[in-house]
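Visitor: need coordinates for the following:
(4 chains)
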Protein chains: 2
Amino acid sequence: MSMQGSGGAGTRKGPIRPDTVVDAALALVELGGLASLTMRRLSDALGTQPPALYRLFRDKDALVDAMADAVLASALGPLPEADWETRVSVLAGRLRAAMLGQRDGARIVGGSYTSRQPTMALADSLLAAMEEAGFTGETAVWAMTTVFSYVLGEALEQQGRTGVDLEEAQATFSTEDYPHLARSPLAALLDFDTRFAFGLRMITAGLREGAQGFPPG
Amino acid sequence: MSMQGSGGAGTRKGPIRPDTVVDAALALVELGGLASLTMRRLSDALGTQPPALYRLFRDKDALVDAMADAVLASALGPLPEADWETRVSVLAGRLRAAMLGQRDGARIVGGSYTSRQPTMALADSLLAAMEEAGFTGETAVWAMTTVFSYVLGEALEQQGRTGVDLEEAQATFSTEDYPHLARSPLAALLDFDTRFAFGLRMITAGLREGAQGFPPG
DNA sequence: ACCTGAACACCGTTCAAGT
DNA sequence: ACCTGAACACCGTTCAAGT
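Guide: Numbering: from 1, shown residues only, chains lettered A, B, ... in the order given. The predicted structure is shown next:
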């Protein structure tokens, strides 16, 4: 009589597979956030014991790396035949959507220091676009990372802010100390889609110019 | 006979102050990384007991928020009288330097969701520059966040990568699957200073154009 | 080969009690 | 007012043992 854990995972046939564990882990994060992910809760959800997970992943960090891979995988797919600016926008949008599609997705991806398959595929596509834009060698690599870093930063900010603290923040600061801030429409900070579209547009515009020779200034 | 903790903090006169705790916490992170920061180790380093910290900070997250403030504070200072592009570069450079100046600084700042004083001051200065560039209303706010997100993303990447995995990564992928990546000088990824200067230049160039009217395309 | 039981050395946080 | 002692309910990880 083998009791399945109280986590309510269905009966398994055969050994646990890494994919099953990763999916269950992402589901736990979706429910309770990254901080709520523990090896014990995860093994419970899978109807097994913690040591069973350590046969598949060296430690918790290795599991999170695999989770990052899974998140990024959803950003892959065939690219439309289009000019480089369009392709960069599509790739950046997909990368963002992949991270936003999973609770704490940006933190999962950003905290993962390994360069695995989906990252490679995305990087290669971005690199191709940058080369078509006119960048070569180091500058193509840097143009690629500029987009990566921006997208990651934006996704992190979006998944971080609650929106509640914004109003109390605007109430907190004195108009004299921060005159520009006080006069600004801070609600625009929460219009994440337009905000991202704007930033991405600025970056592609800069790249368009920069491709004509760096450093330009 | 009151034993001071084995952590070796000097004798205190009067109650513990928040600043002392924040400084000690940042020192612990500097030594062992953010993951090594625990309330118990921290109280030990301060020669006290964990509950003493909870009288100063609601919980560990509140402490990390205060640490983020301290990290960002080092980015403040008088700005040179110069054109907006120079000022944006100086502000972005300082923000970056502040985060890089502390081990795991980007993670500390990026994981902090409160908008406190130093963030406000930085935002106000950036906003002023963006208004001088020609942006108004929402677009000025978005131009500011574009720079913020990029700088945060870059700092995160720099403090994440070890540099060791880069070579094994390039060995891993097949030349056929990722042709552009295989042909690229990936060592450029680790030239973080030039990489940052490049990206920042692309962004300011894009903003210069974008200020002439968004959306431009 | 794959998993369980049990333990080790920790955590964050709280509560009563001391001075 | 400020801190200590002691405990609660957890952690990640390992190791021996089971089948």
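
Visitor: please, which helix or strand holds A:Glu81?
Guide: Mapping A:Glu81 onto the secondary structure by DSSP states H and E places it in no helix or strand at all.

Visitor: and it, how far from A:Gly134?
Guide: Using CB to CB, to the nearest Å, A:Glu81 is found at 19 Å from A:Gly134. (Glycine included, C-beta is placed from N, CA and C.)

Visitor: more neighbours, the two?
Guide: Higher neighbour count among A:Glu81 and A:Gly134: A:Gly134, with 16 against 7, using other CB atoms under 10 Å in any protein chain shown.

Visitor: check contacts around that one.
Guide: A:211-212 (CB atoms under 8 Å, 6 or more residues apart in numbering or on different chains).

Visitor: enumerate the residues of chain A near DNA strand C.
Guide: Applying CB under 7 Å from any atom of the strand, we find that chain A lies next to DNA strand C at A:2, A:12, A:15-16, A:47-52, A:55.

Visitor: narrow those to those that are buried.
Guide: Among the residues of chain A next to DNA strand C, those buried by neighbour count (16 or more other CB atoms under 10 Å in any protein chain shown) are A:16, A:47-48.

Visitor: just those now: which is nearest A:Gly153?
Guide: A:Ile16 (35.6 Å; CB to CB).

Visitor: shouldn't that closest one be in contact with A:Ser43?
Guide: No. Here A:Ile16 does not reach A:Ser43: they are 9.4 Å apart, not a contact under CB atoms under 8 Å.

Visitor: identify the contacts common to the two.
Guide: By CB under 8 Å, 6+ apart, the residues touching both A:Ile16 and A:Ser43 are A:52-53.

Visitor: any residue of stretch A:32-45 up close to chain B?
Guide: No. Stretch A:32-45 does not reach chain B (CB under 8 Å from any CB of the partner chain); its nearest approach is 9.3 Å.

Visitor: distance from the chain centre to that stretch, please.
Guide: From the chain centre to the centre of stretch A:32-45 is a distance of 20 Å (CA atoms, centre = their mean, to the nearest Å).

Visitor: and it, what's its mean pLDDT?
Guide: For stretch A:32-45, the mean pLDDT works out to 98.

Visitor: could you list the domains of chain A?
Guide: A:1-57, A:80-210 (automatic domain parsing).

Visitor: helices of chain A, start to end?
Guide: Remark: helices assigned in chain A by DSSP state H are A:18-32, A:39-45, A:50-53, A:60-73, A:84-100, A:105-110, A:117-133, A:137-160, A:164-172, A:179-183, A:192-210.

Visitor: what comes up buried for the first one?
Guide: Just to be clear, that refers to helix A:18-32. Using 16+ other CB under 10 Å as the test for burial, helix A:18-32 gives A:21-22, A:24-26, A:28-29.

Visitor: go on, the last one?
Guide: The neighbour-count criterion (16+ other CB under 10 Å) identifies A:192, A:195-210 as the buried residues of helix A:192-210.

Visitor: check contacts around A:Arg17.
Guide: Applying CB under 8 Å, 6+ apart to A:Arg17 gives the contacts A:Leu56.

Visitor: residues near A:Ala106, how many?
Guide: Counted with other CB under 10 Å, residues neighbouring A:Ala106 total 27.

Visitor: and it, what does it touch?
Guide: A:Ala106 makes contact with A:99-100, A:152, A:155-156, A:158-159, according to CB under 8 Å, 6+ apart.

Visitor: next one: A:Phe198
Guide: Taking CB under 8 Å, 6+ apart as the definition, contacts of A:Phe198 comprise B:139, B:142-143, B:146, B:210, B:214.

Visitor: point out where chain A drops to low pLDDT.
Guide: A:1-11, A:115, A:162-174, A:214-217 (pLDDT under 70).

Visitor: the closest residue to A:Ala27 other than its chain neighbours and DNA strand C, how far apart?
Guide: Distances taken as CB to CB, 6 or more residues apart in numbering or on different chains place A:Ala45 nearest to A:Ala27, at 7.5 Å, with adjacent residues excluded. Using CB to the nearest atom of the strand, to the nearest Å, we find A:Ala45 at a distance of 13 Å from DNA strand C.

Visitor: ok, A:Ala45 - how many residues close by?
Guide: Around A:Ala45 there are 19 other residues, counting by other CB under 10 Å.

Visitor: again with A:Gly14
Guide: By other CB under 10 Å, 5 other residues sit near A:Gly14.

Visitor: show me the contacts for A:Leu63.
Guide: A:Leu63 is in contact with A:21-22, A:25, A:39, A:53, A:57, counting by CB under 8 Å, 6+ apart.

Visitor: can you do 6 Å?
Guide: Residues near A:Leu63 by CB atoms under 6 Å, 6 or more residues apart in numbering or on different chains: A:Phe57.

Visitor: what's the answer for A:Thr38, then?
Guide: Not one residue lies near A:Thr38 by CB under 6 Å, 6+ apart.

Visitor: contact residues of chain A facing DNA strand D?
Guide: Proximity of chain A to DNA strand D is confined to A:37-41, A:50-51, A:54, A:59-61 under the rule CB under 7 Å from any atom of the strand.

Visitor: if we go to 10 Å?
Guide: Counting by CB under 10 Å from any atom of the strand, the positions of chain A adjacent to DNA strand D are A:2, A:32, A:35-44, A:49-55, A:57-64.

Visitor: show me which of the residues of chain A next to DNA strand C is closest to A:Val88.
Guide: Using CB to CB, those come closest to A:Val88 at A:Ile16, 39.5 Å.

Visitor: quick check: phi and psi at the closest one.
Guide: A:Ile16 has phi and psi values of phi -70, psi 140 when expressed as degrees, to the nearest 10.

Visitor: state the distance from it to DNA strand D.
Guide: 13 Å.

Visitor: quickly note the distance from that residue to A:Ala182.
Guide: Counting by CB to CB, the separation of A:Ile16 from A:Ala182 is 56 Å.

Visitor: then A:Arg201?
Guide: Taking CB to CB, one finds A:Arg201 at 27 Å from A:Ala182.

Visitor: got a ChimeraX select line for the buried ones in the contacts of A:Phe198?
Guide: Buried subset of the contacts of A:Phe198, written as a ChimeraX selection, criterion 16+ other CB under 10 Å:
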select /B:139,142,143,146,210,214
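
Visitor: list the contacts of A:Asp69.
Guide: A:116, A:118.

Visitor: one more pass at 8 Å, please.
Guide: Shown in contact with A:Asp69 (CB under 8 Å, 6+ apart): A:22, A:112, A:116-119.

Visitor: check A:Ala155 too.
Guide: Applying CB under 8 Å, 6+ apart, we find A:Ala155 in contact with A:96, A:99-100, A:105-106, A:109.

Visitor: skipping its backbone neighbours, what lies nearest it in space?
Guide: Per CB to CB, 6+ apart, closest to A:Ala155 is A:Ala106, 3.7 Å.
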